[in-house]
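The following block contains a protein sequence and its predicted model.
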Amino acid sequence: MTTQQRPEPVETGRPVEMTRAPTMPAEPDTRPRAGRVLAITRITLGFVFLWAFLDKTFGFGYATPVKGAWIHGGSPTAGFLGHLEAGPLGGMYASWAGVGLIDWLFMVALLGVGVALILGIGLRIAAVAGSLLMLGMWLAEWPIAQFGASGPTMSTNPLIDYHVIYALVLIVCAVAFAGRTWGLGNLWERLPIVRRNRWLV
């Protein structure tokens, strides 16, 4: 039996060209950019809370007139809770209007959440406290109602309003560690007490 021999390859002197698979362009790392955008969002929302505290405390003449300032004897909650138009909890909220303890709790929440967001520390506590505050205000305004005691409530959405959006942004800032960019989050997380109690992050 004879075996067929394969022909020897003929060298032509030309370099052998290797076929390369096409490579996809590398995706840009968008994490630093996203971190900066989230930091801007965090600081902006923090200023919303902090400004509300400052305006109600000193009466800059925007939402709070000078004579209605907290330092001049005004109540930070009387204007809001005393003029509710609708909602099943309206009576309860009306009874809280002007109560000293309620004023203090409201103002401490505004100040604490505002400072925490701007500095980028304690964002988990700020998210819980701020979300509870927003839930309470949502229930007080009760956007579900189309009509109140004096007529149409002018509610633009029965479920989602700015209170819900603020609460969601607070939660996003907490879970995304938004204080690490343009904030004191990294330093805060290295503190021994924070290392032992992660809920303080």
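On my side now, so go ahead.

What is the burial count for the closest residue to residue 124 other than its chain neighbours?
Spatial nearest neighbour of residue 124, excluding adjacent residues (C-beta to C-beta, 6 or more residues apart in numbering): residue 174 at 4.8 Å. Using the backbone N, CA and C atoms, a C-beta is placed for each residue, glycine as well. Neighbourhood size, residue 174 [other C-beta atoms under 10 Å]: 23.

any weak-confidence spans in the chain?
1-26 (pLDDT under 70).

that older thread, looks like the residue nearest to residue 124 contacts residue 126 (just checking).
Yes - the pair residue 174 and residue 126 passes the contact test of C-beta atoms under 8 Å, sitting 7.1 Å apart.

ok, now which ones touch the residue nearest to residue 124?
Residues near residue 174 by C-beta atoms under 8 Å, 6 or more residues apart in numbering: 123-124, 126-127, 201.

Pull out the buried positions in the helix or strand residue 125 falls within.
Assigned by DSSP states H and E, residue 125 belongs to helix 123-141. Neighbour counts over helix 123-141 (16 or more other C-beta atoms under 10 Å) mark 123-127, 129-131, 133-134, 136-141 as buried.

roughly how far is that helix from the heart of the chain?
11 Å (C-alpha atoms, centre = their mean, to the nearest Å).

Check which helices and strands that helix is in contact with.
Secondary-structure packing of helix 123-141 (3 or more C-beta pairs under 8 Å, 6 or more residues apart in numbering; DSSP states H and E): helix 78-81, helix 100-119, helix 162-175.

How about residues contacting the next helix or strand along the chain from that helix?
For helix 123-141, the succeeding helix or strand toward the C-terminus, using DSSP H and E, is strand 147-148. For strand 147-148, contacts defined as C-beta under 8 Å, 6+ apart pick out 85-86, 153.

can I get these in JSON lines with neighbour count?
Below are those laid out as JSON lines (neighbours: other C-beta atoms under 10 Å):
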{"residue": "85", "neighbour count": "17"}
{"residue": "86", "neighbour count": "18"}
{"residue": "153", "neighbour count": "18"}
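
Any chance of TSV for these, columns secondary structure and distance to residue 64?
TSV is the format used below for those (DSSP: H, G, I helix; E, B strand; the rest coil; distance: C-beta to C-beta, whole Å):
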residue	secondary structure	distance to residue 64
85	coil	20
86	coil	24
153	coil	23
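
Let's have those in a markdown table, adding distance to residue 29.
Below are the contacts of strand 147-148 laid out as a markdown table (distance: C-beta to C-beta, whole Å):
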| residue | distance to residue 29 |
| --- | --- |
| 85 | 50 |
| 86 | 49 |
| 153 | 47 |
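
Buried ones in the top helix by length along the chain, by neighbour count?
As assigned by DSSP state H, the longest helix anywhere in the chain is helix 31-58. Residues 35, 38-39, 42-43, 45-46, 49-50, 52-57 are the ones in helix 31-58 that count as buried (16+ other C-beta under 10 Å).

by contact count, what packs against that helix?
For helix 31-58, the packing partners by 3+ C-beta pairs under 8 Å, 6+ apart are helix 100-119, helix 162-175.

Show me what counts as buried in the longest one.
Which is helix 100-119. For helix 100-119, a neighbour-count test (16+ other C-beta under 10 Å) marks 102-103, 106-107, 109-119 as buried.
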